[in-house]
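In: give the three-dimensional model of this entry:
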Amino acid sequence: MRAGTACAADCGLRVITEETYPSTIVEDGRLTGFGVDIVRAMMKEIGCETTIELMPWARGYKHLLSHPDILLFATARTEEREDKFNWIGPLACYKWVFYGLKDMKNKVKSLEDAKKVSGIGVYRNDARAQFLKSKGFTNLEVMDSQEVNFKKLLRQRVKLVATSNIGVPGYLAANEELRKKAIPIFSFNKVRLYLALSKKTDPETLQVWQDAFDTLSANGIIRKIQNKWIQECND
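Out: Numbers count the residues shown, from 1 in each chain. Coordinates of the predicted model:
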């Protein structure tokens, strides 16, 4: 019996993501990326269909916090978030990195150095913003998108942008000026990305999705998707 028999035709969940390379990419009106591919493979395994909704991260995160039966991906699993959600994964491993203009090279070698710069671009409800705030940073400039943060970096309105080693290539590919002027300055954390499900998700639905992920992991489908887009997570 397929897992889908225990799940509604709509998969039992409202599935939400944001446009962020390389997890969720919009190409000619279609969604692709490692997160999208994994979620769709899980839907196929479950035997259900539902629309993957695209919305700004802050709005999706608010839904995840406040409503049952929400799935948000790809979500960084951090200490601050651990008890707030249910987790399925990991989908990917990545590093958090400060990017800056070339004149910032060798000026930031620690988090304490970063606290002293005139401004760091982060975006709303992002795990990096939450992490830096928890470390006592008072120089964070919170925006609703990374695109805005990188524009501010190029105009020298912030000195650094908190980004990731797997996410930044998408911004660099789309912006020639950014490719020429911006460089990685300092890596400050290693994190894993997961599917996050709201705390009050129906336990039966949660188990169906967990079983689907476990099956796809065991038969090599998760690794195949990872190898297409990124490096797999190794212990």
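
In: which helix or strand in this structure has the lowest average pLDDT?
Out: Least confident element among the helices and strands of the chain, by mean pLDDT, DSSP states H and E: helix 168-174 (a mean of 89).

In: for that helix, name the packing helices and strands.
Out: Contacts defined by 3 or more Cβ pairs under 8 Å, 6 or more residues apart in numbering; DSSP states H and E place helix 168-174 against helix 146-154, helix 176-181. For every residue, glycine as well, the C-beta is placed using N, CA and C.

In: okay, the ones you listed in JSON lines with distance to Ile25 and mean neighbour count next?
Out: Listed next are the helices and strands packed on helix 168-174 as JSON lines, based on distance: least, Cβ to Cβ, whole Å; neighbours: other Cβ atoms under 10 Å:
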{"stretch": "helix 146-154", "distance to Ile25": "14", "mean neighbour count": "20"}
{"stretch": "helix 176-181", "distance to Ile25": "18", "mean neighbour count": "13"}
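
In: out of those, nearest to Glu49?
Out: Each of the helices and strands packed on helix 168-174 has some distance to Glu49 by Cβ to Cβ; the shortest is helix 146-154, at 30.5 Å.

In: from the contact counts, what lies against that closest one?
Out: Helix 146-154 sits against strand 85-101, strand 120-123, strand 140-143, strand 160-164, helix 168-174, helix 176-181, strand 182-198, with contacts defined as 3+ Cβ pairs under 8 Å, 6+ apart.

In: circling back: can you put the helices and strands packed on helix 168-174 in JSON lines and add distance to Cys93 and mean pLDDT?
Out: JSON lines is the format used below for these (distance: least, Cβ to Cβ, whole Å; pLDDT from 0 to 100):
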{"stretch": "helix 146-154", "distance to Cys93": "20", "mean pLDDT": "95"}
{"stretch": "helix 176-181", "distance to Cys93": "24", "mean pLDDT": "95"}
